[in-house]
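Engineer: what's the 3D shape of this:
(3 chains)
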Amino acid sequence: MKLIQAGPRTAKVMLVGEAPTVVEEATGTPFSGGAGQMLSHMLSRAGISMSECFRTNVVHVRAPEGKFEKFYTKAHQLDLAKGLFRLKQDINEIQPNLVIGLGSGPLYLLTGRKGIDKYRGSILPCILRKGQKVICTYSHGFALKVYEAKAVIEMDFAKCAGDMQYPELNYPKREFFLNPPLDVRAAVVYEMLQAEKLSVDIECGQDSNGRWTLTCVGFSDRADRALVIPWGDEMCRFHIRQLCENDIPKICQNGMFDFSFLREMGINIRNFWWDTMFAHHALMAECASGEDEMTKLAGKKKLSVLRKGLGFLTSIYTREPFYKDEGKVSAEGVKDWNEFYGYNAKDAAVTYEIHEVEDKEFNDFGSRPAFEIEMGVAEPLMAASKRGILIDMDLRAELVKEYDEQIDRFQQALDLGAGRPINVKSNPDMLALLYDKLKLPMKLNRKTKNPTADKDAINELAGKYDHPLLKVILRIREYRDFKERYLNAVVGGDNRMRCSFDVTGTKSGRLSSRASLDGSGTNLHTIPVRKKAGARLRQMFIADPGKVLVVRDYKQAETWVVAYLARCRALIELLNDPTRDIHKETAVRIYNEALELITFEKRYLAKRTGHGSNYGLTGVRLSAMIEEDYETTGVRASVREAQMLIDKYFMIYPEIKENFWYQVERDIKHSRTLTTPLGRRRAFYGDMRDQRAQETLLRDAYSFIPQSTVGDLCNIAVRKVYHDIELGRPEWGAEFLLSVHDSIMMQCNIGCELEVAAAMEESMKYPLTIHGETFTIPSDCQIGFNWNKQSKNKETGEIVNPKGLVDSEHWNGASLLQV
DNA sequence: GCAACGAGCGCC
DNA sequence: AAAGGGCGCTCGTTGC
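Structural biologist: You can find the predicted model right below:
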């Protein structure tokens, strides 16, 4: 067996990979291929020189079928045994300060632990040599496939760079008071009440009736100690209350959950000051799609490598080894209370420690303003989640009936036309119908290249072939979708629809919304408004008795940001002159025609073009978007025409590409980081090795600054309307209900709506400065008793939805009250 | 029988 | 020639 090893046998660090690759075998040098180059690069970024490390693999022959796990089978275990024997010898001879294991194979064979996701980044004892220190991370080959893994590996290497300086395997020392006797507890509580800040962490469990209840609360006033108090007798609760109901700044991981829960239990915890998950998100936005304890509970999100749960934060911000399995409670309940309290204590202490590290990281990375915006929305969002929005249950029942009838009617027509029952949401059914039976030309999904029956494809076919079934399919889909997603959503027992907000849910800093943790309610960010058949769904959302809704939206917000980023004088002028119609004027420029000659159609096309062009929309997509609304607008545009519109758009506003896009490209290539005018920074980890990947990443990047700026702007305003209007002017009875990216909805006492509308305008005004120019994005306001617009039937002149929203300038409260 | 995934689609 | 971005929810299919 030829040994594939390199490096000095006096090395302080030993790198252990899984098994040699083709290149390594050919060259006889470990880590010599493309992945090896990346490894060397990642190490050097952490200040570790690969040539100074002793480099080897666990096994010295290629993995069967490229799968390392095959070495665990009988057929190949001799190769593994030989390799392990050699590895043990090497470690005992070299006695490095630190062994770095790369991948799940080395993790298991060096430490006996399973689960690289859990144990990567942990400082662990080696099972091959007593007292030997090991840190494992993902295999460097993984970083080639999953690009974000590179960021994680580099963070793990940063930890290695510290621990490679000495051989001792030591852990952070922490003193825990786990449900101590009353006198000890009282003394610690007294001390903790003098603290500058306190971290708080709760544990909950289900009682015999399945109700969630508090088990214990952990507090920490220093990273090296914690106190756990069970939710036990009166005295316990008194102490918990004392530690919570004070003005000491509180630190928490995912505090919106813990704080709401404590308040449900009658503990009015105050001064939510630092959420370690929010801070992490402000430092590392890519974690937005990662798991945390709550989303894991909901079981919805996909796992990513960059995460935001306490386990991940512990692994990158502290030297505490993985411990999250210690808190697992079996079906029979807690077996060892001391272990369980210990887990709670560790959570509290680690949370405290993480906040200290994050605080320092902000000084380097500079995204503290984004963190402060995120903290600002916590209280208002908790209030809105708890409150929910009242639902008109009569209308809801009426809509269910109406939609059922529509679905029935159209479904019968479809089944008859197709000659057999067709499920419009079954892809095989649809593909068979469209492309086998009807023999229509096959449309392919642009990304996957698979045959598609989505609405763009069907609309396009309908435009060309006018087959009666095509529109029927879309109708059924629409009505079914509306019913399934919005009418089947569970309304609370008090007839209120709720959602839970996720402050760390997006990479841009926008909020995300989803059903409440108990499964009731739904995502309130996607209630239909644009779709004609869906308009009445918003009508179900109504003001409480005696109250009226006030909805204020930023106007053209992202366009404002793009205009200033691009330093586009023409757009800036148009936006700043409220007497001018930006879409009409854009049409004037596109068609080179006088303002008076601009028809509805031309204005409409200019509007749709402008909307998507800023971020790289193509003719294919624009054409499809316009086609989709053909029935209501009577306007269509071929792919060619749509592309012409986009090209024209960039000709009349060339600065969008020349300044804005170009600047983004430069920043990405230079630092892989973008910073918004509101101080949010995001690193872009994506693959840039080939043209396609690079362009994908750039498109993502173009949208980041405008989207993030507007999201943060709105979140700043959410905080203000809550504090200045809801809390600050109790006489108005104003309540914050919902925000949707660039819009804020409140309700207030009837008669106060114009004052609230004006106050909201003030709260939403926020000067932004881009390239030295300062501007304020304007907002407009609508008032009404339900969330759908009031409108007029063009033919009959009859008012549709008389209690609906009207522009605040046209609001006449007195007359509307007669309705 | 359950979980994961893809397709499709709502909003900004 | 061609690939807007950001989210969450539902259904149907598929794979274990």
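
Engineer: hmm, who's touching the helix or strand hosting A:A226?
Structural biologist: Counting by DSSP states H and E, the element that carries A:A226 is strand A:225-230. Among residues not part of strand A:225-230, those counted as contacts by Cβ atoms under 8 Å, 6 or more residues apart in numbering are A:174-180, A:185, A:188-189, A:192, A:215-220, A:236, A:239-240, A:243, A:341-342, A:344-346, A:348-349, A:352. Every C-beta, even on glycine, is put in place using the N, C-alpha and C of the backbone.

Engineer: specify the angle between the very next helix or strand once past that strand and strand A:225-230 in degrees.
Structural biologist: Past strand A:225-230, further along toward the C-terminus, the next helix or strand under DSSP H and E is helix A:234-244. Angle of helix A:234-244 versus strand A:225-230, following axes from the mean of the first three to the mean of the last three Cα atoms, to 10 degrees, is 140 degrees.

Engineer: any idea which helix or strand comes after helix A:234-244?
Structural biologist: strand A:250-252.

Engineer: skipping adjacent residues, who's closest to A:W231 in space?
Structural biologist: The shortest distance from A:W231 to any residue that is not its chain neighbour, by Cβ to Cβ, 6 or more residues apart in numbering, is 4.1 Å, and that residue is A:L214.

Engineer: can you map out the helices along the stretch 1-150 of chain A?
Structural biologist: Listed from the start of the chain, the stretch 1-150 of chain A has helices (DSSP state H, counting those that start in this stretch) covering A:22-27, A:34-45, A:77-94, A:104-111, A:116-119, A:140-145, A:148-163.

Engineer: look up how far A:G103 lies from A:Q37.
Structural biologist: Distance, A:Q37 to A:G103, by Cβ to Cβ, to the nearest Å: 17 Å.

Engineer: do the same with A:I316
Structural biologist: Noted for A:I316: a distance of 18 Å to A:G103, by Cβ to Cβ.

Engineer: the more surrounded of the two?
Structural biologist: For A:I316 against A:G103, the residue with the higher neighbour count under other Cβ atoms under 10 Å is A:G103, and the figures read 23 against 20.

Engineer: pretty sure the more buried one is touching A:F68, no?
Structural biologist: Yes. In this structure, A:G103 sits in contact with A:F68. The criterion is Cβ atoms under 8 Å, and the distance is 7.2 Å.

Engineer: shared neighbours of those two, anything?
Structural biologist: Joint contacts of A:G103 and A:F68 (Cβ under 8 Å, 6+ apart) are A:E18.

Engineer: could you pull up phi and psi at A:R498?
Structural biologist: Backbone dihedrals for A:R498, given as degrees, to the nearest 10, come out at phi -120, psi 160.

Engineer: one step back: phi and psi next, for the residue nearest to A:W231.
Structural biologist: Backbone phi and psi, for A:L214 under degrees, to the nearest 10, turn out to be phi -80, psi 140.

Engineer: list the contacts of it.
Structural biologist: A:L214 makes contact with A:202-204, A:231, A:261-262, A:265, according to Cβ under 8 Å, 6+ apart.

Engineer: give me the buried subset of those.
Structural biologist: Buried members of the contacts of A:L214, scored by 16 or more other Cβ atoms under 10 Å, are A:202-203, A:231, A:261-262, A:265.

Engineer: how far off centre is stretch A:783-796?
Structural biologist: In terms of Cα atoms, centre = their mean, to the nearest Å, the centre of stretch A:783-796 is found 34 Å from the chain centre.

Engineer: I'd like to know how many residues surround the residue nearest to A:C568 when sequence neighbours are not counted.
Structural biologist: On the basis of Cβ to Cβ, 6+ apart, the spatially nearest residue to A:C568 that is not a chain neighbour turns out to be A:E655, at 4.0 Å. A:E655 is flanked by 20 other residues according to other Cβ under 10 Å.

Engineer: so A:E655 is in contact with A:Y564, correct?
Structural biologist: No. Judged on Cβ under 8 Å, A:E655 makes no contact with A:Y564 at a distance of 10.3 Å.

Engineer: tell me the pLDDT of whichever residue of the stretch 51-200 of chain A sits closest to DNA strand C.
Structural biologist: Residue nearest to DNA strand C within the stretch 51-200 of chain A (Cβ to the nearest atom of the strand): A:E148, separated by 12.4 Å. The predicted structure scores A:E148 at 83 on the pLDDT scale.

Engineer: contact partners for it?
Structural biologist: A:E148 is in contact with A:286, A:304-306, A:685, counting by Cβ under 8 Å, 6+ apart.

Engineer: same question, A:D712
Structural biologist: By Cβ under 8 Å, 6+ apart, the contact list for A:D712 reads A:370, A:373, A:509, A:676, A:678, A:680.

Engineer: same question, A:E558
Structural biologist: Shown here is A:E558, whose contacts under the criterion Cβ under 8 Å, 6+ apart are A:614, A:706-707, A:710, A:742.

Engineer: try it again at 10 Å.
Structural biologist: Contact partners of A:E558, counting by Cβ atoms under 10 Å, 6 or more residues apart in numbering, are A:611, A:614-615, A:703, A:705-707, A:709-711, A:741-742, A:777.

Engineer: which one of those residues is nearest A:R552?
Structural biologist: A:D742 (9.8 Å; Cβ to Cβ).

Engineer: give me the beta-bridge partners of the closest residue to the closest one other than its chain neighbours?
Structural biologist: Nearest residue to A:D742, sequence neighbours excluded (Cβ to Cβ, 6+ apart): A:Y554, at 4.3 Å. Applying DSSP bridges to A:Y554 yields these beta-bridge partners: A:S779.

Engineer: so A:Y554 touches A:P706, yeah?
Structural biologist: No. Look at A:Y554 against A:P706 with Cβ atoms under 10 Å: they stay out of range, at 11.7 Å.

Engineer: what sits in contact with each of these two?
Structural biologist: With contacts taken as Cβ under 10 Å, 6+ apart, A:Y554 and A:P706 have A:W560 as neighbours in common.

Engineer: compare those two (neighbour count), which wins?
Structural biologist: A:P706 (24 against 21).

Engineer: residue ranges with poor pLDDT in chain A?
Structural biologist: When the per-residue scores of chain A are filtered using pLDDT under 70, the ranges that remain are A:1, A:290-303, A:331, A:814-819.

Engineer: residues from it in reach of DNA strand B?
Structural biologist: Proximity of chain A to DNA strand B, by Cβ under 7 Å from any atom of the strand, involves residues A:299, A:302, A:427, A:430, A:445, A:448, A:450, A:452-456, A:474, A:477-478, A:481-482, A:485, A:523, A:525-531, A:534, A:740-743.

Engineer: now go through these and say which are in helices.
Structural biologist: If you go by DSSP state H, the residues of chain A next to DNA strand B have A:427, A:430, A:455-456, A:474, A:477-478, A:481-482 in helices.

Engineer: from those residues, pick the one nearest A:F157.
Structural biologist: Using Cβ to Cβ, A:N427 is the member of those that sits closest to A:F157, with 44.2 Å.

Engineer: just give the closest residue to the closest one, not the sequence neighbours.
Structural biologist: The spatially closest residue to A:N427, leaving aside those adjacent along the chain, is A:A453, at 6.7 Å (Cβ to Cβ, 6+ apart).

Engineer: quick one, what contacts the one you found?
Structural biologist: With contacts defined as Cβ under 10 Å, 6+ apart, A:A453 is in contact with A:424-435, A:440, A:442-443, A:445, A:461, A:473, A:477.

Engineer: got it, and A:Y662?
Structural biologist: A:566, A:655-656.

Engineer: got the contact list for A:E154?
Structural biologist: A:41-43, A:45-46, A:137, A:143.

Engineer: just the buried members of those?
Structural biologist: Buried members of the contacts of A:E154, scored by 16+ other Cβ under 10 Å, are A:42-43, A:46, A:137, A:143.

Engineer: what is the burial count for A:D690?
Structural biologist: What A:D690 shows, counting by other Cβ under 10 Å, is a neighbour count of 9.

Engineer: look up how far A:L697 lies from it.
Structural biologist: Counting by Cβ to Cβ, the gap between A:D690 and A:L697 amounts to 11 Å.

Engineer: contacting residues for the closest residue to A:T769 other than its chain neighbours?
Structural biologist: Nearest non-adjacent residue to A:T769, counting by Cβ to Cβ, 6+ apart: A:P677, 6.3 Å away. Counting by Cβ under 10 Å, 6+ apart, A:P677 makes contact with A:561, A:564-565, A:705-706, A:708-709, A:712-713, A:768-771.
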